[in-house]
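Participant: Turn this into a model:
(one chain, ligands or ions: 1)
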Amino acid sequence: MRVIVCKNYDEISKTAADIIASQVILKPDSVLGLATGSTPVGTYKLLAEKNKAGVIDFKDVTTFNLDEYYPISPENDQSYRYFMNDNLFNHINIDITRTHVLNGMAEDTDKECDEFEKMIEAAGGIDLQVLGIGQNGHIGFNEPDEELVAKTHLTGLTENTIQANSRFFEKIEDVPTQSLTMGIATILATRKIIILASGKNKHEAVDKLINGGITTSNPATMLKLHPDVIVICDEEAYTGK
Ligand code: PGA
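Facilitator: Numbering: from 1, shown residues only. Just a heads-up that it's a prediction; the model follows:
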């Protein structure tokens, strides 16, 4: 696992955007795994700028998002489909039919998850996966637990995550209590991973990720089983100061 410690959030965004841009330049038909949350917003902004400047072309790129609330409509401005359109897809020349976000309105969630896995496989697998990390060490919506589910699945959100995500909603009761998420095995099957973390409140999770053992009580530590992971964090997340 490589660790890149950046001065601040802007530097994290620049580093992550440069890595994603390099991936797309080297392989124009790359399959990208994307994440939502506040951390990658700066990265997506820079990618849109690079696209406008003609540095990268998303025409042949395919994307799969990590997770989506359940139930939620894609038109809801708190859905991750809305977030991705708003923060990235509407600003780049990607073919929207090549962007895959789990359907938060799916009636048969098992079928939805199974088809999502099959689509990743049919696309040739994910070349580069972008991850954030929860304060509790979750990746996607794989929350700390005694057991973790391997493949894409429907899951409940922990109190900690509902609390953390309530900042985006009018009131905490509005935060969906379930989600659809790639599983740990889905994430570990990707070829390359960058995991972004900014701010003191991520220090404990980042410290366990870098220095701790592998435990399902901090799902991010499972990334130690992957041969090509880069942690991109700022000094605050790294030192806790
Ligand atoms: P954040 O979320 O980027 O909004 O901090 C990350 C996560 O919970 O995975």
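Participant: Which parts of this protein are helices?
Facilitator: For the chain, applying DSSP state H gives helices covering 9-26, 41-52, 80-87, 109-122, 159-165, 184-188, 203-211, 235-239.
Participant: Nearest to the ligand: which residue in this structure?
Facilitator: Nearest residue of the chain to the ligand, counting by CB to the nearest ligand atom: residue 37, 2.8 Å away. Every C-beta, even on glycine, is put in place using the N, C-alpha and C of the backbone.
Participant: for that residue, what are its contacts?
Facilitator: Taking CB atoms under 8 Å, 6 or more residues apart in numbering, we find residue 37 in contact with residue 132.
Participant: Check what pLDDT it gets.
Facilitator: Looking at residue 37, its pLDDT is 95.
Participant: how much space between it and residue 177?
Facilitator: 18 Å (CB to CB, to the nearest Å).
Participant: mean pLDDT lowest for which of the helices of the chain?
Facilitator: Among the helices of the chain, helix 159-165 scores lowest, with a mean of 90.
Participant: coming back round to it: quick one: closest of the helices of the chain to residue 101.
Facilitator: helix 80-87 (4.3 Å; CB to CB).
Participant: got the angle between that closest one and helix 41-52?
Facilitator: With axes from the mean of the first three to the mean of the last three CA atoms, to 10 degrees defining the directions, helix 80-87 sits at 50 degrees from helix 41-52.
Participant: Centroid-nearest residue for the protein?
Facilitator: Centroid-nearest residue in the chain, with CA atoms, centre = their mean: residue 35, separated by 2.3 Å.
Participant: Contacts only, for it.
Facilitator: Here residue 35 is in contact with 65, 66, 130, 131, 132, 140, 196 (CB under 8 Å, 6+ apart).
Participant: what bridges to the third one?
Facilitator: For residue 130, the beta-bridge partners are residue 194 (DSSP bridges).
Participant: ok, residue 100 touching residue 117?
Facilitator: No. Residue 100 is beyond contact range of residue 117, at 11.1 Å (criterion: CB atoms under 8 Å).
Participant: Which residues of this structure lie near the ligand?
Facilitator: Residues of the chain lying close to the ligand (CB under 6 Å from any ligand atom) are 37, 38, 39, 132, 133, 134, 138.
Participant: out of these, which is most surrounded?
Facilitator: For the residues of the chain next to the ligand, the largest number of neighbours (other CB atoms under 10 Å) sits with residue 133, at 27 neighbours.
Participant: now the residues of the chain next to the ligand as JSON lines including distance to residue 234?
Facilitator: Below are the residues of the chain next to the ligand laid out as JSON lines (distance: CB to CB, whole Å):
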{"residue": "37", "distance to residue 234": "15"}
{"residue": "38", "distance to residue 234": "13"}
{"residue": "39", "distance to residue 234": "10"}
{"residue": "132", "distance to residue 234": "13"}
{"residue": "133", "distance to residue 234": "13"}
{"residue": "134", "distance to residue 234": "17"}
{"residue": "138", "distance to residue 234": "19"}
